[in-house]
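K.L.:
With the sequence up front, the predicted model follows.
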Amino acid sequence: MILKNCTFFGEFFEKEFGDIEIQNGIISRLGILPEGRDMSGCIIVPGFIDIHIHGANGGDTCDARTDSLDRMSSYLAKNGVTSFCPTAMTMPRERLKEIVKTIKEYNAGKAKVVGINLEGPYISEKKKGSQNPEYIRGASTEEFSELYGLSDGLIKLITVAPEIEGNAKFIKSVSDKCTVSLGHSDANEAQTREALNLGARHITHLFNAMSPMTHRSAGLAGTALDDERVMCELICDLSHICPTVLRNAFDILGDNRAVVVSDSMRAAGLGAGEFDLGGQSVFVREGGKYAELQDGTIGASITNIHEEFKNLVNIGIDFKTALRACTINPARAIGMENEIGSIAVGKRADLLVLDENLEIKEVYIDGILA
């Protein structure tokens, strides 16, 4: 298949004009090619990648069911996300085992599973957010090794609070197996820097559920922004983080360190109501933009990467910077930048066709119209 007369953002995210050839689900050639399907008037970008998503469309990772993954996968493909990491909450060990086994065996759906994200259970109760405190526990390399083995190495991310006794040792021991992310944590600057020096390289939803940056104390948030080795997740629904703070964060993080995530739960795409999140009831109010606990604690979002991308452009973030944060940066965060995340020869043909208003016209996953 050849897509002709394309305006697209190529390997280095500069605007290009030309044709895209797809063979066996892979981008095989770029340039001026023989006759194909005319894509004039469209903007073609890499498919979006969501590495932190709990659920959508009524399905949730913690259901440990393939029909729930189907619901998520179909919803994501419809909204321009071509690859994702189903994300588990802090849960009992036996349930986590069921979750990773279910994901490992899943090969259906539209948007592709490219990893597993464990948001906990080795976090701080003080910064638990909407996580269930009943299941929070100290880090265990033995438990992680069992889960990692059951997943066949599909676990790509795990969130850890470094200040909890024993967790620093855990970070050092597993950082060569998956990306260790700091989050749901009250760590101070010294504790955060120690964790980064031990191998942590990622931050779970920057600013949310962590020690803040103030003028007298950098906290986890300020220390992460200050370290060039670290990639930082940002929930860009304009509720979890206000536009002014987002602009400041992108100014610091630049083109290569920001990772847009949805952190969405099963209510995404469904609207108002009462829902389950990690074994707790959460509520989406009429007209609300996120889920919250009964006491009003902000929880997971109900957004998606496409909406967040448009939000960023609308608040003044450079198009190229916003696009990288939704594509190649999340791919890098899970070590898959050589397969997905940009339009380049040899990579998967995961493409998003947008109109001039950045609305979705078509989605291709492995070269197939979703």
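P.N.:
Structure's in. What do you need? Numbering: from 1, shown residues only.
K.L.:
what bits of the stretch 151-300 of the chain have low per-residue confidence?
P.N.:
Within the stretch 151-300 of the chain, no stretch has pLDDT under 70.
K.L.:
if we go to 80?
P.N.:
278-279, 288, 299 (pLDDT under 80).
K.L.:
ranges for the helices of it?
P.N.:
Using DSSP state H, counting those that start in this stretch, the helices found in the stretch 151-300 of the chain span residues 167-174, 189-197, 219-225, 243-253.
K.L.:
residues touching the residue lying closest to Ser28 once chain neighbours are set aside, list them.
P.N.:
Closest residue to Ser28 apart from its sequence neighbours, by CB to CB, 6 or more residues apart in numbering: Glu21 at 4.9 Å. Backbone N, C-alpha and C define where each C-beta goes, glycine included. Residues in contact with Glu21 (CB atoms under 8 Å, 6 or more residues apart in numbering) are Met1, Ile2, Leu3, Ile27, Ser28, Arg29, Leu30, Leu33, Gly36.
K.L.:
neighbours around the last one, how many?
P.N.:
By that I understand Gly36. 16 (other CB atoms under 10 Å).
K.L.:
again with the fifth one
P.N.:
Residues within reach of Ser28, counting by other CB under 10 Å, total 17.
K.L.:
Just give me the residue right at the centre of the protein.
P.N.:
Ile51 (2.7 Å; CA atoms, centre = their mean).
K.L.:
helix or strand for that residue, which one?
P.N.:
strand 48-53 (DSSP states H and E).
K.L.:
next structured bit after that strand?
P.N.:
Immediately after strand 48-53, counting by DSSP H and E, sits strand 55-56.
K.L.:
Quick check: Leu69 is in a strand.
P.N.:
No: Leu69: not assigned to a strand; according to DSSP: H, G, I helix; E, B strand; the rest coil it is helix.
K.L.:
Excluding chain neighbours, what is closest to it?
P.N.:
Tyr106 is the one closest to Leu69 (CB to CB, 6+ apart), at 5.1 Å.
K.L.:
gap between Ile136 and Arg247?
P.N.:
To Arg247, Ile136 is 34 Å away according to CB to CB, to the nearest Å.
K.L.:
Tell me which of those two has more neighbours.
P.N.:
Ile136 (18 against 13).
K.L.:
and the more buried one, backbone torsions?
P.N.:
phi -70, psi 140 (degrees, to the nearest 10).
K.L.:
do Val113 as well
P.N.:
Torsion angles, degrees, to the nearest 10, at Val113: phi -80, psi 120.
K.L.:
mind checking how far it is from Ile49?
P.N.:
11 Å.
K.L.:
what do those two both touch?
P.N.:
Ser83, Phe84.
K.L.:
Quick check: chain neighbours aside, which residue is closest to Glu274?
P.N.:
Phe283 (5.5 Å).
K.L.:
Am I right that that neighbour is in contact with Gln294?
P.N.:
Yes: look at Phe283 against Gln294 with CB atoms under 8 Å: they come within range, at 7.1 Å.
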